[in-house]
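**Student:** no FASTA, just this:
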């Protein structure tokens, strides 16, 4: 009875997974076809000759390498800043004793509720005044400001579940508070930190609206712009458009493939502990 | 309690950098937005005329688009809660039941759309729903259901529904993961006890799983409302609010007012009301649902 039920779930899941991922299969399939093939009646089409030229277009005219490194740089710096700031904030909110703690914690949590879109217009004005539009910093600062509240929230939940015994014995040994945070607590928080890192990565890597508002200089643009450039330049060349979509999705999928266990563990642990 | 935990220097060093950054790039802009919301100007750095509450009065009493955008957000939020969340809970329970290697494999597969960028998702669904070469219409053709064919994102009757569908497709993995985490936290012996009492199948889950998931559900429902209110990128990149404002959302509206219509002051007023609406929605949904989920 039980195994029979499981086979049923298996089959059901396979069908759902197939339907869910079919749009992606379709995307990859037609990225190898010519634009004329898009108007054929078939749902999927085995290309008569695979159009590698589409990927060459995507790579060269999508400026894949340039945008890729911009994305990588912006994401990397944002992740480092987010981890350090969220870790210290979360520690101060859970372990340190100070009067304004509840107030500051509520203020930080506002960052989860308030939409970033409400900061777009004024930040555009401020950044323009300060010369931060068209600079890496013009992306890194708002990305970090958006990521820190969520990171702090996740780490706080996790920290509450860690017993204080270890820190107390480290204090007995004369360990400073800074060493405690970075050398004792940080390793204990690893699963939660990985979750923070991966979610921050996905958010920055895929972020579009702030980048398109604050950047106009081609040399600084991030990966989503590859797709946007193409929509204009290759407006009728659907094959190349699809190729650039596939190409820009690969890095995030690879990262996900490497870290998917940690994402699940981080979310699971955080949720169970509440 | 050890003295070190009251060390003022340490507290300052831990809190100041993060709070400063947050205040400067998140809170200060909103204050500035408040200032602009009382003005009439075409953009930052140009002539500014103070107009008092005029922008707000126009928005609240003479701008049907603002209310339409709000209504769409509410409809979208209800769509998430009524359609997406039950599906997520159902899949989370099944995922927990299937166990072993399959559990891991399917968990990984179902999450894949969540790592794809919003730009790719939007452009891909524009193509999938394209009236001439789109996959959906082709499939309907093959199934002999041509009468159901639509220009899905191009007709005001189907646009908002299509948007909901795209967003559910893209967000399903996150919802599933959170509910799955919740299901994993329910002790096995509760199920055993309940099945000894004669409960089984759907009844078992309605009586055990759903009530025990209520803290998770409470948080998720709040998040669903906020996600619906904050909806911007997918709409912006597919329909840009159209056709005829049928997919208008606050964030899209304020963006277009500021950068296409050059009504920067007015756009900032929308922005401020947007913040207020989000805060009220969070507060209300917290109040309504979280009677017993105090730890959140």
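**Tutor:** Received, thanks. Owing to the predicted nature of the structure, the values given are computational and were not obtained by experimental measurement.

**Student:** would you tell me what the next helix or strand after the helix or strand where residue B:235 lies is?
**Tutor:** Using DSSP states H and E, residue B:235 sits within helix B:233-238. As assigned by DSSP H and E, the chain's next helix or strand after helix B:233-238 is helix B:250-259.

**Student:** can you name the element that comes right after that following helix?
**Tutor:** Counting by DSSP H and E, what follows helix B:250-259 is helix B:264-289.

**Student:** buried set for that following helix?
**Tutor:** Buried residues in helix B:264-289, counted by 16 or more other CB atoms under 10 Å in any protein chain shown: B:264-275, B:277-278, B:281-282, B:285, B:289. Any C-beta I mention is one placed from the backbone N, CA and C, and that applies to glycine too.

**Student:** could you name the helices and strands sitting against the helix holding residue B:235?
**Tutor:** helix B:118-128, helix B:156-184, helix B:250-259 (3 or more CB pairs under 8 Å, 6 or more residues apart in numbering or on different chains; DSSP states H and E).

**Student:** for the first one, give the mean pLDDT please.
**Tutor:** In this model, helix B:118-128 carries a mean pLDDT of 92.

**Student:** do the same with the second one
**Tutor:** The predicted model assigns helix B:156-184 a mean pLDDT of 91.

**Student:** list the buried residues for it?
**Tutor:** Those would be B:158-160, B:162-183, for helix B:156-184 by 16+ other CB under 10 Å.

**Student:** sorry, back to before: contacting residues around the helix holding residue B:235?
**Tutor:** A:208-209, B:118-119, B:121-123, B:125-126, B:153, B:163, B:166-167, B:170, B:241, B:247, B:249, B:251-252, B:255 (CB atoms under 8 Å, 6 or more residues apart in numbering or on different chains).

**Student:** quick one, grab the pLDDT at the residue nearest to the spatial centre of chain A.
**Tutor:** Geometric centre of chain A, nearest residue: residue A:202, 1.0 Å, by CA atoms, centre = their mean. Note for residue A:202: predicted pLDDT of 88.

**Student:** now it, nearest residue through space, not along the chain?
**Tutor:** Using CB to CB, 6 or more residues apart in numbering or on different chains and skipping residues adjacent in sequence, the residue nearest residue A:202 is residue B:115, 6.0 Å away.

**Student:** what of residue B:146?
**Tutor:** Once flanking residues are discounted, residue B:146 sits nearest to residue B:140: 6.3 Å by CB to CB, 6+ apart.

**Student:** which of the helices or strands spans the one you found?
**Tutor:** helix B:135-142.

**Student:** and that helix, what does it pack against?
**Tutor:** On the basis of 3+ CB pairs under 8 Å, 6+ apart, helix B:135-142 makes packing contacts with helix A:2-30, helix B:118-128.

**Student:** returning to what we had before: among the buried residues of helix B:264-289, which are in reach of chain A?
**Tutor:** The residues of those that also fall near chain A, by CB under 8 Å from any CB of the partner chain, are B:264, B:267, B:268, B:271, B:272, B:274, B:275, B:278, B:282.

**Student:** distance-wise, check residue B:111 relative to chain A.
**Tutor:** Going from residue B:111 to chain A by CB to the nearest CB, to the nearest Å gives 7 Å.

**Student:** wait, that residue sits on residue B:178?
**Tutor:** No. Look at residue B:111 against residue B:178 with CB atoms under 8 Å: they stay out of range, at 11.4 Å.

**Student:** hey, where'd the strands end up in the stretch 51-200 of chain A?
**Tutor:** Per DSSP state E, counting those that start in this stretch, the stretch 51-200 of chain A carries no strands over any range.

**Student:** okay, buried residues for the helix holding residue B:140 please.
**Tutor:** Of the residues in helix B:135-142, those buried (16+ other CB under 10 Å) are B:135, B:136, B:137, B:138, B:140.
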